[in-house]
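K.L.:
Here is a sequence together with a model predicted from it:
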Amino acid sequence: MANTSNESRALSEEELQELVAASDAGARAPDGAVGTLMAVIAIVWSVFQVVLASPISNYVLPGDVVNNSRQLHLAFAIFLAFLAYPAFKSSPRHYVPITDWIMAGLGAFIALYGFIFYQKIVDSGGLADDTDKWFALVGLVLLFEAARRALGPAMAIIATIFLAYVFFGSSAWVPDVIRWKGASLQKAMSHMWITSEGVFGIALGVSTKFVFLFVLFGALLDKAGAGNYFIKMAFGALGHLKGGPAKAAVVGSAATGLISGSSIANVVTTGTFTIPLMKRVGFTSEKAGAVEVASSVNGQIMPPVMGAAAFLMVEYVGISYVEVITHAFLPAAISYIALVYIVHLEAVKSNMPTLGDRVVSMGRTIGGMAAFFVGFALLCYGVQYPVRWITSLFPDGSEIILASLVFAAYLALLWFAAQVPDLEPDDPNAEEVELPVVAEIYKAGLYYLLPIIVLVYFLMIEQKSPGLSAFWATALLFVILLTQRPLKSIFRGENNTVNAFKDGIVDLVQGLIDGARNMIGIGLATATAGVIVGTVTLTGVGQVMADLVEFLSGGNLIMMLVMVGLLSLVLGMGLPTTANYIVVSSLMAGVVVELGAQSGLIVPLIAVHLFVFYFGIMADVTPPVGLASFAAAAVSGGDAIKTGFAAFFYSLRTIALPFVFIFNTDLLLIDVTWAQGILVFVIASIAILVFTAGTMGWFVTKNRIYESVVLILISFILFRPDFVVNRIQPPYQAVEPAQFEEALAGAQVGKEFRIVVSGPDFDTGDTTETTLVVPVDGEGSGAERLEKTGLLLLEEDGAVKMDEPTFSSPFAQNLSSFDFYGDDPVMIKSIKAPAEQMAKELVFIPALLLLALVAFIQRGRASKSGDVV
């Protein structure tokens, strides 16, 4: 057990809920009319967002309301922020001071300024006039103050620094490398507040259209009882294993992460039950808290919600939502697999006891869980066939029929649930811990899966917009919350149906309130981050950052990625994950792609955005300000800093994975077939487990140092088989630029050429380089294939010059920074044609044989010492 002298007092349940509220929903809860007013405003906000996402929004809401929904969204967030979040720790909690009322009203009014004075702004050409600029400036000050209260001082400070750069970037004390011409107050305020380039930009639009509905969906699902159901199912499946409470914490947090966008709420929700049980079987307070932190924070990388980042990536990367979550799925899945293995090794190393008296094999447990997830996935996928059959038979009335069938399924599952008692939260501190029996409790909450199936079906099969998909899933939750209690009462033959219906109304209302209050911080984060994004677009500091990073990294891609990761970590110490992602991706995503191309590595934009995001989620872990670590320490009574460092160590795989998928995009399932995808999943799972064994110092038994080194080397080979193959057989061979057309003619369809283009930069005139990936597309002669690329080449004296590509060319954007009309020509510097290589998968064979050898050696040593896993 932990040394109790180093432990702080564990907080009570009431204190923990206050901690979550202070972080996520606001610590102030006034009584009487003011509390009622805050609740009503929160309900109105939720209802407005639901109607806005509905198919009938254009019929129910005026057009100017729909067009200015971002302003309304921010007005609600600012107004509630000043009412719900006290200015200081010493500020009153049970009433709202008059100053906060004034700031709330004024902030909401200025947020609606573009909506109220829409015609005036249109008449002035969409730009701010002398009056507008002062309102905009006051609006920014109030926005920063609201963000300071809800998100902490770092967000407001960073936004203020960027805004100061807009005004004073031309000053002599600003270093030459980042100096710019500066902007007037009127121009800056117009850009930041009146146009859609700043506060009311893409990030706030995503918060308005998508994020709110998913946060509300999670709040309603939790209010319905799904959170407790998921936790009990996880404990029933895993609690009896060695280190079972920790394994159940990981799985339960993963499930809770699907419905909670907050890692802090996740820590407290699952941690109040899991952490005491982890301590009971031998985890120290710090390690118990760290397991909960690592698993809760990872909830943000697990599709389909991923906090708010999945929806932001849709806008920033320009790909569909389905593609985003497809690319994000595998790294998230293997990250959780590794975390389960980490806690297993911790339990084995300390020979921890098991809970309860049931004996169930690990194989049966894993097999049962795998069967459930595969079955659930097949169910979500298979629903499309009867749906298509019904829509083809009844094209006019199919919606009513399908809705009736969903409701019938709900009634059947609810009747099934009524046959067993409702699930009550267990007491982790009870003298005797009785683990739930999955076969007995699974009936109680199967109907919770219906809204998730509806959500996944509309997202993945119908491929509707995330907002519309979440609307239909949320609409079903409305029905569930209103009817589950009274219908269970009827099915059980009880006589309290009316009271049960009233309780259902209370649950729905409270869910609407919780959803709105949980959105305050996210709305303010996306709006404030818009100031930073607006600064990038107004000043062009993004190109300056590219030059600065290139200079500091010496053009080395690995060093550049390390710098980007460190920047994300540093910013993450004070910014919430969503804001951190917006800021760093705005500053650095383009830089990584551009400098990667100059280094000859073509990095897909989605890979860069996921790289930034993975480092951004460490915000809630990294000491000294990892909020989730503090929350876990408050539950466990352990030291917050030690908990943070332990959680950081457990999260090493979350830091290593981004570097892997930057160089091996197979992990993101980019351009892979189904068969290849399955192989990648299997090998990546083995690789992450081997990496975990190497870093934890334990495989079959305790590692010797050289064995840990070998295990890490094996994991690297499994993750990067191309690295080995490329050393044996180079993937490309040099081709003279003048022979490009001839080489194109002889290349196989699907192969790729690497072309290094060199020429003067349009802005600076300096010579710059970039690498183009030219795929061989379709049959035809070399000239015909070249024409399809849109590249215009001219051979002179053995050199190949390049003219500006056609507008429709896929390379027009890549080459837009070159000056094709200057004195110095843009030229093809070198060409690499694809060379024959052996299949990189062959490298897996010696790597797995080496792994088997290490396991054989360790098993022999373990059998002699009696040290068995």
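P.N.:
Done, it's in.
K.L.:
Who are the contact partners of residue 345?
P.N.:
For residue 345, the contacting residues are 692-693, 696, 698, by C-beta atoms under 8 Å, 6 or more residues apart in numbering. The C-beta positions use only the backbone N, C-alpha and C, and glycine is treated the same way.
K.L.:
typed the wrong thing, it's residue 708
P.N.:
Shown here is residue 708, whose contacts under the criterion C-beta under 8 Å, 6+ apart are 694-695, 697.
K.L.:
How about the secondary structure of residue 800?
P.N.:
Assigned by DSSP: H, G, I helix; E, B strand; the rest coil, the conformation of residue 800 is strand.
K.L.:
give the contact list for it.
P.N.:
Shown in contact with residue 800 (C-beta under 8 Å, 6+ apart): 737-738, 740, 793-794, 827-828.
K.L.:
now swap in residue 176 and tell me
P.N.:
With contacts defined as C-beta under 8 Å, 6+ apart, residue 176 is in contact with no residue.
K.L.:
Buried only: go through the contacts of residue 800 for me.
P.N.:
Among those, those that count as buried by neighbour count (16 or more other C-beta atoms under 10 Å) are 737-738, 740, 793, 827-828.
K.L.:
Which of those fall in strands?
P.N.:
Assignment to strands by DSSP state E places the following of these there: 793, 827-828.
K.L.:
Now flag whichever of the residues you listed is closest to residue 56.
P.N.:
The shortest approach to residue 56 among these belongs to residue 793, at 54.5 Å (C-beta to C-beta).
K.L.:
For the closest one, give me the pLDDT.
P.N.:
According to the predicted model, the pLDDT of residue 793 comes to 87.
K.L.:
ok, so what distance separates the closest residue to it other than its chain neighbours from residue 771?
P.N.:
Nearest-residue entry for residue 793: residue 800, 5.4 Å, with adjacent residues in sequence omitted and distances by C-beta to C-beta, 6 or more residues apart in numbering. Distance from residue 800 to residue 771, counting by C-beta to C-beta, to the nearest Å: 16 Å.
K.L.:
one step back: ok, so of the contacts of residue 708, who is nearest residue 73?
P.N.:
Distance to residue 73 across those (C-beta to C-beta) is lowest for residue 695, with 43.3 Å.
K.L.:
neighbours of the closest residue to the closest one other than its chain neighbours, just the number please.
P.N.:
With C-beta to C-beta, 6+ apart as the criterion, residue 695 has its nearest non-adjacent residue at 5.8 Å, and that residue is residue 652. Applying other C-beta atoms under 10 Å, we find 16 residues neighbouring residue 652.
K.L.:
again with residue 581
P.N.:
Under the neighbour criterion other C-beta under 10 Å, residue 581 is assigned a count of 35.
K.L.:
centre of the chain versus the strand or helix carrying residue 718, how much separation?
P.N.:
Using DSSP states H and E, residue 718 sits in helix 705-719. Relative to the chain's own centre, helix 705-719 is displaced by 29 Å; criterion: C-alpha atoms, centre = their mean, to the nearest Å.
K.L.:
Repeat that for stretch 202-213.
P.N.:
Averaged over its C-alpha atoms, stretch 202-213 has a centre that lies 14 Å from its chain's centre (C-alpha atoms, centre = their mean).
K.L.:
again, but for stretch 829-837
P.N.:
Its chain's average C-alpha position is 37 Å from that of stretch 829-837, according to C-alpha atoms, centre = their mean.
K.L.:
Mind listing what's buried along it?
P.N.:
The neighbour-count criterion (16+ other C-beta under 10 Å) identifies 830-834 as the buried residues of stretch 829-837.
K.L.:
quick one: which of those is nearest residue 807?
P.N.:
Using C-beta to C-beta, the shortest approach to residue 807 within the buried residues of stretch 829-837 belongs to residue 831, at 24.0 Å.
K.L.:
check which helix or strand covers that closest one.
P.N.:
Here residue 831 is covered by strand 826-834, with elements defined by DSSP H and E.
K.L.:
in the helix or strand residue 106 falls within, what's buried?
P.N.:
Element membership of residue 106, judged by DSSP H and E, is helix 98-111. Counting neighbours by 16+ other C-beta under 10 Å, one finds that the buried residues in helix 98-111 are 100, 103-104, 106-111.
K.L.:
Can I get the residues you listed in JSON lines including distance to residue 145 and pLDDT?
P.N.:
Compiled in JSON lines, the buried residues of helix 98-111 are given as follows (distance: C-beta to C-beta, whole Å; pLDDT from 0 to 100):
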{"residue": "100", "distance to residue 145": "10", "pLDDT": "92"}
{"residue": "103", "distance to residue 145": "7", "pLDDT": "95"}
{"residue": "104", "distance to residue 145": "11", "pLDDT": "95"}
{"residue": "106", "distance to residue 145": "11", "pLDDT": "96"}
{"residue": "107", "distance to residue 145": "8", "pLDDT": "95"}
{"residue": "108", "distance to residue 145": "13", "pLDDT": "95"}
{"residue": "109", "distance to residue 145": "15", "pLDDT": "95"}
{"residue": "110", "distance to residue 145": "12", "pLDDT": "95"}
{"residue": "111", "distance to residue 145": "13", "pLDDT": "94"}
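K.L.:
want to throw the residues you listed into a markdown table with distance to residue 857?
P.N.:
Written out in a markdown table, the entries for the buried residues of helix 98-111 read as follows (distance: C-beta to C-beta, whole Å):
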| residue | distance to residue 857 |
| --- | --- |
| 100 | 67 |
| 103 | 68 |
| 104 | 67 |
| 106 | 71 |
| 107 | 66 |
| 108 | 68 |
| 109 | 72 |
| 110 | 69 |
| 111 | 66 |
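K.L.:
Distance of the residue nearest to residue 695 relative to residue 694?
P.N.:
Relative to residue 694, residue 652 is positioned 10 Å away (criterion: C-beta to C-beta).
K.L.:
Could you give the separation of the longest helix anywhere in the chain from the chain centroid?
P.N.:
Taking DSSP state H as the criterion, the chain has its longest helix at helix 497-539. Distance of helix 497-539 from the chain centroid (C-alpha atoms, centre = their mean) equals 17 Å.
K.L.:
tell me which strands and helices it is in contact with?
P.N.:
Based on contacts counted as 3 or more C-beta pairs under 8 Å, 6 or more residues apart in numbering; DSSP states H and E, the elements that helix 497-539 packs against are helix 32-53, helix 69-84, helix 130-151, helix 153-168, helix 202-206, helix 212-224, helix 466-491, helix 577-584.
K.L.:
what comes into contact with the very next helix or strand once past it?
P.N.:
Following helix 497-539 in sequence order, the next helix or strand is helix 541-553 (DSSP H and E). Contacts with helix 541-553, where a contact means C-beta under 8 Å, 6+ apart, come from 165, 177-178, 180, 535-536, 559-560, 563-564, 586-588, 590-591, 594-595, 598, 763.
K.L.:
Tell me what angle helix 541-553 forms with helix 497-539.
P.N.:
With axes from the mean of the first three to the mean of the last three C-alpha atoms, to 10 degrees defining the directions, helix 541-553 sits at 80 degrees from helix 497-539.
K.L.:
counting contacts, what elements does the helix or strand just after helix 541-553 pack onto?
P.N.:
As assigned by DSSP H and E, the chain's next helix or strand after helix 541-553 is helix 557-572. The elements that helix 557-572 packs onto, with contact taken as 3+ C-beta pairs under 8 Å, 6+ apart, are helix 541-553, helix 577-584, helix 590-598, helix 605-616, helix 652-663.
K.L.:
So for residue 780, which of these sits nearest?
P.N.:
helix 590-598 (27.0 Å).
K.L.:
Run a quick neighbour tally on residue 59.
P.N.:
Residues within reach of residue 59, counting by other C-beta under 10 Å, total 7.
K.L.:
err, residue 354, not the other one
P.N.:
Look at residue 354: counted by other C-beta under 10 Å, it has 17 neighbours.
K.L.:
Dump stretch 303-320 to PDB, restricted to CA.
P.N.:
In PDB, the C-alpha atoms belonging to stretch 303-320 read as follows (Å, rounded to 0.1, in the frame of the first residue of the first chain):
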ATOM      1  CA  PRO A 303     -13.900   7.800 -32.100                       C
ATOM      2  CA  PRO A 304     -16.600   8.700 -32.700                       C
ATOM      3  CA  VAL A 305     -16.500  11.900 -30.700                       C
ATOM      4  CA  MET A 306     -12.800  12.500 -29.800                       C
ATOM      5  CA  GLY A 307     -13.700  15.600 -27.800                       C
ATOM      6  CA  ALA A 308     -14.400  18.100 -30.500                       C
ATOM      7  CA  ALA A 309     -11.300  17.400 -32.600                       C
ATOM      8  CA  ALA A 310     -13.000  15.000 -35.000                       C
ATOM      9  CA  PHE A 311     -15.400  17.700 -36.200                       C
ATOM     10  CA  LEU A 312     -12.600  20.300 -36.400                       C
ATOM     11  CA  MET A 313     -10.500  18.000 -38.500                       C
ATOM     12  CA  VAL A 314     -13.300  17.600 -41.000                       C
ATOM     13  CA  GLU A 315     -13.200  21.400 -41.600                       C
ATOM     14  CA  TYR A 316      -9.400  21.800 -41.300                       C
ATOM     15  CA  VAL A 317      -8.300  18.800 -43.300                       C
ATOM     16  CA  GLY A 318     -11.200  18.800 -45.800                       C
ATOM     17  CA  ILE A 319     -12.100  15.200 -45.600                       C
ATOM     18  CA  SER A 320     -15.400  13.500 -44.500                       C
END
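K.L.:
Brilliant, that's me finished.
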